[in-house]
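predicted model and sequence follow; I will ask about them next.
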Amino acid sequence: MPLVPLFGHEALRRRLAESASKSALPASLLIEGRRGIGKQRLALWLGQLLLCTGDGERPCGKCTSCRYTAELVHPDLRWFFPRPRDANADPSAQAILEDQAEAVRVRVADFGLYAPPSGSDAIFVATVRALVQFAAYSPSVAKRKVIIVGDAERMVPQEGAEQAANAFLKLLEEPPADTTIILTSSEPGSLLPTIRSRVVSVRVAPLPNSAITAFLHDPHVQKALGELDLPESEEERVALAAGAPGTLLGVTASGEAMKIAKSILAAITGSRADRIRAAFALSSAGARGGFSELLDALTVALHGRIREASISEDSHAGEAASRAIDLVEGAKLRASGNVNPQLIASAMIRAMSEL
């Protein structure tokens, strides 16, 4: 069961393929860009290209390696991403690899269409140890290995785990000659400077509307979106995606994020105390992934207000909601840096109240 195809990013894919053909591709990469833009799918495509054994243009999509990577069963490709904390305080590397493999199988069953990780999911130190251990193995069937770390900003530093952290940094700095490591992040500013200094960053731009439309026409995408509370018209869905189709799959999937988003919108028209309580309802220790989910949910809720304003012909409400979306997008940009989510939320809520 292959994943949904990768849509868009043609120019970037050409550059990456050209670098790979010249053996000039950096051994440690960071693919960064907005949440939902397809960074992990792009990383998987690059993994397929690197493991492809076909002739001519790569990935050929026909060789055994391409078929294995398309179904995420290639033994020389490992995809790590945030997971719930293991009940075992110190799980073995094998247990971690098996857990990740099972999580990958679930994503494959959904054709690679999945919501963002919950705020409590993370990449814990046991996963880092397993990743480093896998990097030390020789390739099983291909000439090289590819390791992908999605949502890399969710790596959780833990006291007493300096050895694992140092081993990971050394791996990034000097990977085995047969290994390529690809990190992806929607919040690169949250990555440790020691990590950022050891990778070559590749910025992924938002997709054009034509690519979003092609994504929406995929039958598996249509089935997945049919279960969500999204606008009926294709035009509205393209506008809601705003260059990042993955947001359509995740923003309505988190009921808790939508609940908080609606409470914030309600507080905006209330008293100053209401607004302060809404901002500080966000835990300062809360995961940035959870804050990103909230901002995405705010975008969805505001688009809903625009639709309501259009039906009621309330141009003022529609304009205010549109300007509020701009504020949310600005908050998303600031959230990618090392800024306290509460401070971002406070400034955003104050600016919204002035609308």
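Perfect, I can see it now. Numbering: from 1, shown residues only.

Met348 is in contact with Leu327, correct?
Yes: here Leu327 reaches Met348: they are 5.4 Å apart, a contact under C-beta atoms under 8 Å. (C-beta placed from N, C-alpha, C; glycine too.)

those two: which is more packed in?
For Leu327 versus Met348, neighbours defined as other C-beta atoms under 10 Å are more numerous around Met348 (23 against 19).

pretty sure the more buried one sits against Val328.
Yes: counting by C-beta under 8 Å, Met348 does reach Val328; the two are 6.8 Å apart.

what number of residues lie near Val328?
19.

contacts for the helix or strand harbouring it next, please.
Here Val328, judged by DSSP states H and E, is contained in helix 315-335. Residues from elsewhere that reach helix 315-335 (C-beta atoms under 8 Å, 6 or more residues apart in numbering): 34-35, 187, 242, 288, 291-292, 295, 298-299, 302-303, 305-306, 308-310, 341, 344-345, 347-348, 351-352, 355.

if you set the cut-off to 6 Å instead, what comes out?
By C-beta atoms under 6 Å, 6 or more residues apart in numbering, the surrounding residues in contact with helix 315-335 are 295, 298-299, 302, 305-306, 309, 344, 348, 351-352, 355.

circling back to that earlier point, what do Met348 and Val328 both touch?
Joint contacts of Met348 and Val328 (C-beta under 6 Å, 6+ apart) do not exist.

on that earlier part again, pull out the buried residues from the contacts of helix 315-335.
Listed as buried from those are 295, 298-299, 302, 305-306, 309, 344, 348, 351-352; burial here means 16 or more other C-beta atoms under 10 Å.

possible to save those as a markdown table with secondary structure and distance to Asp229?
Shown next, in a markdown table, are the buried ones among the contacts of helix 315-335 (DSSP: H, G, I helix; E, B strand; the rest coil; distance: C-beta to C-beta, whole Å):
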| residue | secondary structure | distance to Asp229 |
| --- | --- | --- |
| Leu295 | helix | 18 |
| Leu298 | helix | 15 |
| Thr299 | helix | 14 |
| Leu302 | helix | 14 |
| Arg305 | helix | 14 |
| Ile306 | helix | 15 |
| Ala309 | helix | 18 |
| Ile344 | helix | 26 |
| Met348 | helix | 24 |
| Ala351 | helix | 27 |
| Met352 | helix | 23 |
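
and the contacts of helix 315-335, which is closest to Ala87?
Ala87 lies nearest to Leu295 out of those, by C-beta to C-beta, at 30.9 Å.

quick one: contacts for that closest one?
Each residue near Leu295 by C-beta under 6 Å, 6+ apart is listed here: 328, 331-332.

again, 7 Å this time
Residues near Leu295 by C-beta atoms under 7 Å, 6 or more residues apart in numbering: 328, 331-332, 335.

would you mind measuring from it to Lys262?
In this view, Leu295 and Lys262 are 14 Å apart by C-beta to C-beta, to the nearest Å.
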